[in-house]
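Colleague: Predicted model and sequence below, questions to follow.
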Protein chains: 2
Amino acid sequence: MTSSSLFTPPVTHRPDPSLAHRRARAHLTLHGPDGEALADRDVVVRQTRHAFWFGCIGFDLVDLANADSRDPGYDQRLADAWLGVFNQATLPFYWGTFEPARGTPGTARLRRAAEWFAERGVAVKGHPLVWHTVQPGWLLDVARAGGDAVTGAGLAEVERLQRERIRRDVADMAGVIDTWDAINEVVIMPVFTAEDNAITPLARARGRVEMIRMAFEEARAANPSATLLLNDFDMSTAYECLIEAVLEAGIRIDRLGLQSHMHQGWWGEEKTLRVLERFGRYGIPIHLTETTLLSGDLMPEHVVDLNDWQVDEWPSTPEGEARQAEELEAYLRLLLAHPNVEAFTYWGLSDRGMWLNAPGGLLRADGSPKPAYERLRDLVRGEWWLAPTPLRTDAGGRVDVTGFLGDYELSLPGAPGGPALPFSLDAPGPVEQTLRLT
Amino acid sequence: MTSSSLFTPPVTHRPDPSLAHRRARAHLTLHGPDGEALADRDVVVRQTRHAFWFGCIGFDLVDLANADSRDPGYDQRLADAWLGVFNQATLPFYWGTFEPARGTPGTARLRRAAEWFAERGVAVKGHPLVWHTVQPGWLLDVARAGGDAVTGAGLAEVERLQRERIRRDVADMAGVIDTWDAINEVVIMPVFTAEDNAITPLARARGRVEMIRMAFEEARAANPSATLLLNDFDMSTAYECLIEAVLEAGIRIDRLGLQSHMHQGWWGEEKTLRVLERFGRYGIPIHLTETTLLSGDLMPEHVVDLNDWQVDEWPSTPEGEARQAEELEAYLRLLLAHPNVEAFTYWGLSDRGMWLNAPGGLLRADGSPKPAYERLRDLVRGEWWLAPTPLRTDAGGRVDVTGFLGDYELSLPGAPGGPALPFSLDAPGPVEQTLRLT
């Protein structure tokens, strides 16, 4: 028995609805190529990127990125809407769809999709490296080692293949995908009963912590600079206990992923704040990795596994759309107010092809924007964004810029083809910066 | 990052309703003082103790044991009923009632109660050494260090006192209480909100695993041969995750305590088997530490914290009593069928003074037995018990005894004051034993 603990004292974050912790005030001093201060000059400053990750899944744009869209007009409109608000994309690496036949992974196609986003200034995350759902059938055959039942030898081989798969895919994508949901839904993993798969018995045999260690260890080895998440939908004390187990085991979690599929209704302010407080206390930055808010009827509360809710039609309604917009705004304001939250990912831009056929998109199935899309854009590219703004330097060549943390450009309107000077606001509060034209 | 894991491969237990794993068949050979086989002799064999722990709380008998009963007639009937079926008692060591004023623990009184049970062949367990409920008010003052809010220095002192308390009480009771619920309800401990107390902020600051380490470490130091339990009411994946955290941390749990207060209805066969399977897989013997089954109306399902259900009257009914007897029998048969279950503790013999005023006793408030009591006695001291049984040795002095694992006595009816030979059935299956009269 050892007395050392890797648990660290809890961190208390004080939510601040003013979002002061997300804003900086830069005192810029401009110099010309000759080093002289550029006094009394008109300049235009504009924001080019948010530091906060406003994310969405990019599953629907893989075809377009690979130039084999079956509905190019629709997909292009989708792409425009997508790029109109988001700066982080989650791409699907579900083993069962990524490598349906053993030895033929969809690497090239996913890499192209990731590059397509990266070329547009979007950070990309892969999801997920280990999960018990959307498994390839051939892996269950491996676990069964040719028989009817899973065997110890079969599981050893499954583990070897799982490790190999993590190393391969993380290495193949390194440089274009450097953030991964390393492992998904471990709380339920060893006791999952909805469908036979090879990962559940492996998790049962090895234990939850070992599964997490495996995912993080292999991903870290393949890409030491990757940002790795532990991700779960279970917001109960179970996930807290799992996190404390992982901390005790000395496994470094870079980010904590919290899903928030709210098919049964918005959490509301009280629950949202409580979740952020409970999971924020570990001092690990939080990503809200999977958010859904419906613009139609809610799923009944008695449904435990959301996948069990199968309906023929699930329309988006005007009342539902108004509610969705309100809830999305309220939710986002709470997330940004919490200093420990770094990212928010919406789980599907359009109702077309949405998980469970739910009206959870921000666009309708025909691609037209719902109020929630417009509300989101008004925040992300409006209230929280610095549009091109004319300013004038003072006699000392100084100009003040206040804005959300992120990347910016300063340009001289008199020189349209001229240089745009990039600068960043990296930390809240006041900062001095000097920019020099070359 | 280390690659070693203390998690062990899961154990699969196959429940056997025949209870063959709880029975032995002893081939006894009897010898006289001269070493000659006692051929063709009449003998009587009777069971004196079950190896399985059929337990109950002994809170109500502390007064009687200390000879200061306020209702000696009732308490004596209670004692007779208690001793008529049970062989393990749980005694209350709630800090708040055990040491309501700092420095005046109820050691003598509890020790006398424990001795009273021990004198009657009953094993005693103390409950619990660490818990966030039934806390002494003075401990919260310590946590607040004289102010209004809990401080780090206050918590350090609370931890010191908690450690001291564990060592003191475990040492004071050693020899008469050698089994402890070392820590109770850790899953909810750091996020418990129902009442202010000093242990919740300590658990939040130190983490769940450290709280468990503290409890086990101190209790083990004070009584190295003690049997120590981790105990919880949370049968969800949260408790699994906590157990896996504890295993990863290298803390030795001797027994796993599962509460089963079924105020909202019997779990039923499916849930019971699933719980035993899920928690049995860690290979740690299971104690069902706190069982309640009602003989009246059930508590509505919407109640989350059972303590929230406050009613003026909660009568035992004839239909409820019939149901309770059926459920208790079905439940017990499932527990005994599971090879990993070692103990079952019923949470209150009589309706008088029952937790929440619930009709969960096996006796009515007037002390008369409900059908469940009779059903339990018929099993524990009937179907599963070897009453005094006349047998006859063969020409070789041999006689066969089949019975539940436990302690037995063989006596010679021709010699009433004569020696009774004790023997034990310790392991299932056939066994050879030789007994010699002295």
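Modeller: Arrived safely, thanks for sending. Predicted, not measured: the structure shown is a model, and the values here were computed from it. Numbers count the residues shown, from 1 in each chain, chains lettered A, B, ... in the order given.

Colleague: Residue A:424 and residue A:407 touch, don't they?
Modeller: Yes. Contact criterion CB atoms under 8 Å: residue A:424 and residue A:407 qualify, at 5.2 Å. (C-beta placed from N, C-alpha, C; glycine too.)

Colleague: centre of the chain versus the longest helix along chain A, how much separation?
Modeller: With secondary structure taken from DSSP state H, chain A has its longest helix at helix A:152-173. Centroid separation between helix A:152-173 and its chain, computed with CA atoms, centre = their mean, to the nearest Å, is 24 Å.

Colleague: Next, the contact list for residue A:23, please.
Modeller: Contact analysis of residue A:23 by CB atoms under 8 Å, 6 or more residues apart in numbering or on different chains lists A:402, A:403, A:404, A:405, A:425, A:428.

Colleague: Can you flag the buried ones in those?
Modeller: Neighbour counting over the contacts of residue A:23 (16 or more other CB atoms under 10 Å in any protein chain shown) leaves A:403, A:404, A:405, A:425, A:428 as the buried ones.

Colleague: For those residues, give me TSV that also has pLDDT and distance to chain B.
Modeller: Below are these laid out as TSV (pLDDT from 0 to 100; distance: CB to the nearest CB, whole Å):
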residue	pLDDT	distance to chain B
A:403	97	37
A:404	98	33
A:405	98	30
A:425	96	34
A:428	94	27
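
Colleague: could the residues you listed go into CSV alongside secondary structure?
Modeller: As requested, the buried ones among the contacts of residue A:23 are arranged in CSV below (DSSP: H, G, I helix; E, B strand; the rest coil):
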residue, secondary structure
A:403, strand
A:404, strand
A:405, coil
A:425, strand
A:428, coil
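
Colleague: Export those residues to TSV and append columns for distance to residue B:139.
Modeller: Shown next, in TSV, are the buried ones among the contacts of residue A:23 (distance: CB to CB, whole Å):
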residue	distance to residue B:139
A:403	50
A:404	46
A:405	44
A:425	48
A:428	40
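
Colleague: Any idea how many residues pack against the closest residue to residue A:171 other than its chain neighbours?
Modeller: Nearest non-adjacent residue to residue A:171, counting by CB to CB, 6 or more residues apart in numbering or on different chains: residue A:222, 4.4 Å away. When neighbours are counted by other CB atoms under 10 Å in any protein chain shown, residue A:222 registers 19.

Colleague: Now do residue A:222 against chain B, distance only.
Modeller: Distance, residue A:222 to chain B, by CB to the nearest CB, to the nearest Å: 14 Å.

Colleague: likewise residue A:128?
Modeller: Distance of residue A:128 to chain B, given as CB to the nearest CB: 18 Å.

Colleague: what do you get for residue A:365?
Modeller: Computed with CB to the nearest CB, the distance linking residue A:365 and chain B is 36 Å.

Colleague: Okay, and that residue sits in which element?
Modeller: Here residue A:365, judged by DSSP states H and E, is contained in no helix and no strand.

Colleague: residue contacts, it?
Modeller: A:316, A:350, A:351, A:352.

Colleague: same thing with residue A:14?
Modeller: Contacts of residue A:14 (CB under 8 Å, 6+ apart): residue A:339.

Colleague: which SS class is it?
Modeller: coil.

Colleague: Looking at it now. What's its pLDDT?
Modeller: At residue A:14, the pLDDT value in this model is 93.

Colleague: measure it to residue A:273 for me?
Modeller: Using CB to CB, to the nearest Å, we find residue A:14 at a distance of 11 Å from residue A:273.

Colleague: same thing with residue A:72?
Modeller: Distance of residue A:72 to residue A:273, given as CB to CB: 43 Å.

Colleague: same question, residue A:89
Modeller: Look at residue A:89 and residue A:273: by CB to CB, they are 28 Å apart.

Colleague: related to what we said a few turns ago, now, which of the contacts of residue A:365 sits nearest residue A:9?
Modeller: Nearest to residue A:9 out of the contacts of residue A:365 is residue A:350 (CB to CB; 44.2 Å).

Colleague: Show me what from the stretch 151-300 of chain A comes close to chain B.
Modeller: The stretch 151-300 of chain A comes close to chain B at residues A:187-188, A:190-191, A:204-210, A:213, A:216-217, A:220, A:234, A:236-242, A:244-245, A:247-252, A:278, A:281, as judged by CB under 8 Å from any CB of the partner chain.

Colleague: same thing but 6 Å
Modeller: Applying CB under 6 Å from any CB of the partner chain, we find that the stretch 151-300 of chain A lies next to chain B at A:187, A:204-205, A:207-210, A:236-238, A:241-242, A:244-245, A:248-250.

Colleague: Of these, just the buried ones, PyMOL syntax please.
Modeller: PyMOL command restricting these to the buried ones, with burial defined by 16+ other CB under 10 Å:
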select buried, chain A and resi 187+204+205+207+208+209+210+236+237+238+241+242+244+245+248+249
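
Colleague: Among the residues of the stretch 151-300 of chain A next to chain B, which lie within helices?
Modeller: A:204, A:205, A:208, A:209, A:210, A:237, A:238, A:241, A:242, A:244, A:245, A:248.

Colleague: Where does confidence bottom out across these?
Modeller: residue A:248 (91).

Colleague: what sits up against the longest helix of chain A?
Modeller: Contact with helix A:152-173 is made by A:107, A:129, A:142-145, A:198, A:202, A:205, A:218-219, A:222-223, as judged by CB atoms under 6 Å, 6 or more residues apart in numbering or on different chains.
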